[in-house]
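Q: need coordinates for the following:
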Amino acid sequence: MAWMGSPAHRRWLEQETDRLLAFARASRVDDGFGWLRDDGTVDDARATELYVTCRMTHVFALGDLLGRPGSGPLADHGVAALTGAFHDGEHGGWFSSRTPDGPADDGKAAYAHAFVVLAASSAAAAGRPGARELLDDALAVSLRYFWEEDAGMVRESWDRAFTREEAYRGVNANMHTVEAYLAAADVTGDDAWLTRALRITERVVHGFAREHDWRLPEHFDPSWQPLLDHHKDVPAHPFRPYGVTIGHLLEWSRLTLHLRAALELRGRAAPAWMLPDAVALARVAVRDGWHADGASGFVYTVGFDGRPVVRERMHWVLCEGIGAAAALATATGDPAYEDWYRRWWDEAAAHVIDPVGGSWWHELDADHRVSRTVWSGKPDVYHALQATLIPRLPLAPTLATAVAEGLLAD
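A: Numbers count the residues shown, from 1 in each chain. Coordinates of the predicted model:
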């Protein structure tokens, strides 16, 4: 019997959702949500990160929609942090990180601002107070400072006053902007956000990825010319690693299918390239990344020749594999993707889920020992919690709206 259609498997997913939510609750700090160590306590030596606070706000909004007591007040705490401590009342936008003394990094990054939109969208879907106003502000900032109409993409980052922008463009920030715009389109009912998400996806997936045989370049100059050697000297960079990021091929595959379903749900014709491109991305990710060095698991990155570069196993890559497999199984009906899905949950159970300390190990080496070359601790539960929900939901609408509409499979 297929796991995805099994009530018993869905009960297991629900239990894992609750286990992750329980671990995440300890992350609350005065100015948002802090970075969790391996044991689930907050690392007080680290600044509070905007993107982590946003991810946890999104998670607790989902928890509230799932009827988990205590989640709603935590989502409210996140909204308060985003309208208060993290918000730049002088110049607009949100600080990248902060300490109790004020901003630690006052730059304005598209990556983190995309998560503000996602957090606000999920909290608004949950009906949390102040969330819709936060969403309207976040979308206005995104449109004014990050969206480039001519390019159909978003800029990377600015200084605090939005006067100097970085001479770099990145696919990672655009990927999470697609995720955020899909959620915003569901909550606001404004299809312009869906159209922008489609423009980004078409340029990245049907353009950059296809042109490079599905080994997607991540780094570009301001004219959107690829920088294939970027960070070759620091290949394990946490946000801008050298080469091809396997997890992003899987994530783009899944997001393309969510976008395709969202277009069809609204009665819009989805471009014919979307399904075959999503399949191609996932298949190259598996070919190049899964068991690429003889050991089980996905490597973090490969070069443009397909050879492993950073061999560490990141939990988020496996989560995106699970999500992509579930999305592909739903979109195609092909039982091969159910096989992927089972194999990757088996990998998670064998090596990545921490049944003793809670949550998932964020990084392992090729021998499945806990490693900290890129990530330390267990900072948030965003990727893992979504991996427990995606198999139980339709491809559209997005997670929070789907749960709010009662579409979660029992």
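Q: how deep is residue 219 tucked in, by neighbour count?
A: 20 (other Cβ atoms under 10 Å). From N, CA and C alone the C-beta is placed, and that goes for glycine too.
Q: my guess is it contacts residue 166, does it?
A: No. Applying Cβ atoms under 8 Å as the test, residue 219 and residue 166 come out as separate, 11.7 Å apart.
Q: pLDDT value on the closest residue to residue 342 other than its chain neighbours, please?
A: Ranked by Cβ to Cβ, 6 or more residues apart in numbering and with sequence neighbours excluded, the top spatial neighbour of residue 342 is residue 3, at 5.5 Å. In this model, residue 3 is scored at 91, pLDDT.
Q: and residue 3, how many neighbours?
A: Other residues within reach of residue 3, judged by other Cβ under 10 Å, total 17.
Q: what are the contacting residues of stretch 358-371?
A: Contacts to stretch 358-371, defined as Cβ atoms under 8 Å, 6 or more residues apart in numbering, come from residues 19-20, 22-24, 36, 38, 40, 293, 295-297, 299, 311-316, 319, 348, 351-354, 372-379, 381, 384.
Q: in that stretch, what's buried?
A: Buried residues in stretch 358-371, counting neighbours by 16 or more other Cβ atoms under 10 Å, are found at 358, 359, 360, 361, 362, 363, 364, 366, 368, 371.
Q: also stretch 323-342?
A: 323-331, 337-338, 340-342.
Q: do stretch 304-324 as well
A: For stretch 304-324, the neighbour count (16+ other Cβ under 10 Å) marks 304, 308-324 as buried.
Q: on contacts alone, who are the packing partners of the helix or strand where residue 201 lies?
A: If you go by DSSP states H and E, residue 201 is part of helix 192-201. Under the contact definition 3 or more Cβ pairs under 8 Å, 6 or more residues apart in numbering; DSSP states H and E, helix 192-201 sits against strand 153-154, helix 171-188, helix 246-265.
Q: ok, now with 6 Å
A: Here helix 192-201 touches helix 171-188, helix 246-265, going by 3 or more Cβ pairs under 6 Å, 6 or more residues apart in numbering; DSSP states H and E.
Q: residue 405: neighbour count?
A: Applying other Cβ under 10 Å, we find 14 residues neighbouring residue 405.
Q: same check, this time on residue 144
A: 11.
Q: re earlier: from the buried residues of stretch 358-371, pick the one nearest residue 148.
A: Closest approach between the buried residues of stretch 358-371 and residue 148, by Cβ to Cβ: residue 362, at 32.6 Å.
Q: so what's that closest one closest to, chain neighbours aside?
A: Per Cβ to Cβ, 6+ apart, closest to residue 362 is residue 375, 4.5 Å.
Q: got it, and residue 63?
A: Nearest non-adjacent residue to residue 63, counting by Cβ to Cβ, 6+ apart: residue 71, 3.0 Å away.
Q: which ones are touching the one you found?
A: Going by Cβ atoms under 6 Å, 6 or more residues apart in numbering, residue 71 touches 60, 63, 64.
Q: can you tell me how far residue 36 is from residue 55?
A: 12 Å (Cβ to Cβ, to the nearest Å).
Q: ignore the last one, residue 21
A: According to Cβ to Cβ, residue 21 and residue 55 sit 13 Å apart.
Q: who has more neighbours out of these two?
A: It is residue 55, of residue 21 and residue 55, that has more neighbours when counted by other Cβ under 10 Å, with 26 against 21.
Q: for the more buried one, give me its contacts.
A: 380, 382.
Q: oh, and call the first residue 10 from now on, that's how I've got it
A: Happy to do that; since the first residue is 10 now, the last one works out to residue 64.
Q: element containing it, please.
A: helix 59-74.
Q: quick check: next helix or strand after that helix?
A: Next along from helix 59-74, by DSSP H and E: helix 80-92.
Q: tell me the mean pLDDT over that following helix?
A: Helix 80-92 shows a mean pLDDT of 98.
Q: in that helix, what counts as buried?
A: Within helix 80-92, judged by 16+ other Cβ under 10 Å, the buried ones are 80, 81, 83, 84, 85, 86, 87, 88, 89, 90, 91, 92.
Q: so residue 147 makes contact with residue 128?
A: No. Residue 147 is beyond contact range of residue 128, at 8.4 Å (criterion: Cβ atoms under 6 Å).
Q: out of the two, which sits in the busier spot?
A: When residue 147 and residue 128 are compared for neighbours, residue 128 comes out ahead with 33 against 26, by other Cβ under 10 Å.
Q: identify the residues contacting the helix or strand hosting the more buried one?
A: Counting by DSSP H and E, the element that carries residue 128 is helix 119-134. For helix 119-134, the surrounding residues in contact (Cβ under 6 Å, 6+ apart) are 59-60, 63, 66-67, 70, 84, 88, 103, 105, 140-141, 143-144, 147, 155, 163, 165, 182, 185-186, 189, 192-193, 196, 409-410, 413.
Q: in the helix holding residue 210, what's buried?
A: Neighbour counts over helix 201-210 (16+ other Cβ under 10 Å) mark 202, 203, 205, 206, 207, 208, 209, 210 as buried.
Q: can you list contacts of that helix?
A: Here helix 201-210 has contacts from 161, 162, 183, 187, 190, 191, 193, 194, 265, 268, 271, using Cβ under 6 Å, 6+ apart.
Q: mind redoing it with 8 Å?
A: By Cβ under 8 Å, 6+ apart, the surrounding residues in contact with helix 201-210 are 148, 156, 161-163, 183, 186-187, 190-191, 193-194, 261, 264-265, 268, 271-272, 275, 277, 280, 283.
Q: do the same with stretch 267-278
A: Contact with stretch 267-278 is made by 187, 191, 194-195, 200, 203, 206-207, 210, 279, 283-284, 287, 336, 340, 403-407, as judged by Cβ under 8 Å, 6+ apart.
Q: all helices of the protein, in order?
A: Using DSSP state H, the helices of the chain run over 16-33, 59-74, 80-92, 119-134, 140-150, 180-197, 201-210, 219-220, 255-274, 283-298, 324-341, 344-356, 391-398, 408-413.
Q: now those helices in JSON lines, with distance to residue 242?
A: As requested, the helices of the chain are exported to JSON lines (distance: least, Cβ to Cβ, whole Å):
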{"stretch": "helix 16-33", "distance to residue 242": "35"}
{"stretch": "helix 59-74", "distance to residue 242": "25"}
{"stretch": "helix 80-92", "distance to residue 242": "35"}
{"stretch": "helix 119-134", "distance to residue 242": "22"}
{"stretch": "helix 140-150", "distance to residue 242": "33"}
{"stretch": "helix 180-197", "distance to residue 242": "19"}
{"stretch": "helix 201-210", "distance to residue 242": "29"}
{"stretch": "helix 219-220", "distance to residue 242": "25"}
{"stretch": "helix 255-274", "distance to residue 242": "20"}
{"stretch": "helix 283-298", "distance to residue 242": "22"}
{"stretch": "helix 324-341", "distance to residue 242": "22"}
{"stretch": "helix 344-356", "distance to residue 242": "31"}
{"stretch": "helix 391-398", "distance to residue 242": "27"}
{"stretch": "helix 408-413", "distance to residue 242": "38"}
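Q: much appreciated, bye for now.
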